[in-house]
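J.: Mind folding the following:
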Amino acid sequence: MKSFKSKWFAPAITAGFVAFAQAQPAFSQNSPPASSQALLQKVKQDQMEQRIALKQTEIDRLKSDLDKAKLDMDAMQKNLDATSSLIVESGSSMDSLAAQEKHLEQTLDLTETRIEAERKNGEGLKSLSIAQTKALEAINQRMAEMDIRSQVRQAEVQLLSQGKPVPGEDNDEMGAPDLEKLKKALASSESKTVLAETLAINAMKSATAKMASANEAAAQAKQMADNLANGTVAPVAEKSGDASSKPKTGRTSRRKSSPTPAPSATPGGKTKATPSPTPSSKNAPSKH
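T.: Presented below is the predicted three-dimensional model:
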């Protein structure tokens, strides 16, 4: 600003001195004082006009700078409004993605629960098959025992028809080696039958427990599917048990805790109800 003032102020002073020098001869020639006073007044007027012009130029420049600043401010306000709009949009997107993530986690939990339920159902069916096999073996053993017992009775009837006493029936009679062999075979068969029936009963109890667990898991999976469809998913209670019973999905969860899989269900949220095996008179033969 100072250099700008001096640039205009120096020529004004020089012009004043030149005018005064030109007027000096006239003054020296006894010019009237009024003429000198008018010349001085003119010089002052010129200086004042130059200063006014300088100030006006500065005012115009400041006005131009102010207009430019207003334009910059308007542009910055538009950018700020656009940024605020983007922030709101980003927040809405984050909320939507968070909701999608939660839904996917709940769906994954349901899938894991169905996998675990199906695994339990498969184990229960295998145990049931083993129990039925053992029950069949027990029935076959019982039939073998009945066959030997029938042979013993036929031998005893043959002795009685010949008028001979049956050894061991209220007498101390000896003899009939074939009958003795049959009786030993019968005793051995009876022991085998008892063992086979015991194994069959224990296997059936184990299969019944596993199938009950599978049915419970299937019911839990169905409940989770219904809750997910209604948007009221409840957390799955953590169950105690062997870690090997949990499904191995190969997924590393980012959550601190994940629900223990349980129930089994078919695609579409429908569970498979597997009948619980119960020993019957056909599958669990009794000793006669």
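
J.: Name the next helix or strand downstream of the longest helix seen in the chain, please.
T.: Ranked by residue count, the top helix of the chain under DSSP state H comes out as helix 33-161. Where DSSP states H and E defines the elements, the next helix or strand beyond helix 33-161 is helix 177-230.

J.: so for that next one, what's the average pLDDT?
T.: Here helix 177-230 scores 91 as its mean pLDDT.

J.: The closest residue to residue 213 other than its chain neighbours: neighbouring residues, count only.
T.: Leaving aside its chain neighbours, residue 213 sits nearest to residue 120 (5.5 Å; criterion: CB to CB, 6 or more residues apart in numbering). C-beta here means a position set from N, CA and C on the backbone, and glycine is covered the same way. Here the number of neighbours of residue 120 (other CB atoms under 10 Å) works out to 25.

J.: before we move on, back to that, name the helices or strands packed onto the longest helix of the chain?
T.: Applying 3 or more CB pairs under 8 Å, 6 or more residues apart in numbering; DSSP states H and E, one finds that helix 33-161 contacts helix 2-28, helix 177-230.

J.: quick check: domain ranges of the protein?
T.: 2-27+36-80, 96-231 (automatic domain parsing).

J.: want to throw those domains into JSON lines with distance to residue 89?
T.: As requested, the domains of the chain are exported to JSON lines (distance: least, CB to CB, whole Å):
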{"stretch": "domain 2-27+36-80", "distance to residue 89": "15"}
{"stretch": "domain 96-231", "distance to residue 89": "11"}
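
J.: Could you say which of these is packed most deeply?
T.: domain 96-231 (a mean of 17; mean count of other CB atoms under 10 Å).

J.: residues near residue 86, how many?
T.: Neighbours of residue 86 (other CB under 10 Å): 10.

J.: For the remainder of this discussion, apply numbering that starts at 15.
T.: Yes, from this point I'll number from 15; that puts the last item at residue 100.

J.: Pull the contacting residues for it.
T.: By CB atoms under 8 Å, 6 or more residues apart in numbering, residue 100 lies in contact with nothing.

J.: For it, give its distance to residue 93.
T.: Residue 100 sits at a distance of 10 Å from residue 93 (criterion: CB to CB, to the nearest Å).

J.: thinking again about what came up before, ok, the residue nearest to residue 227 touching residue 224?
T.: Yes: using CB atoms under 8 Å, residue 134 makes contact with residue 224 at a distance of 6.9 Å.

J.: so what sits against both of the two?
T.: With CB under 8 Å, 6+ apart as the test, residue 134 and residue 224 reach no residue in common.

J.: quick check: angle from the longest helix of the chain to helix 191-244?
T.: Angle of helix 47-175 versus helix 191-244, following axes from the mean of the first three to the mean of the last three CA atoms, to 10 degrees, is 160 degrees.
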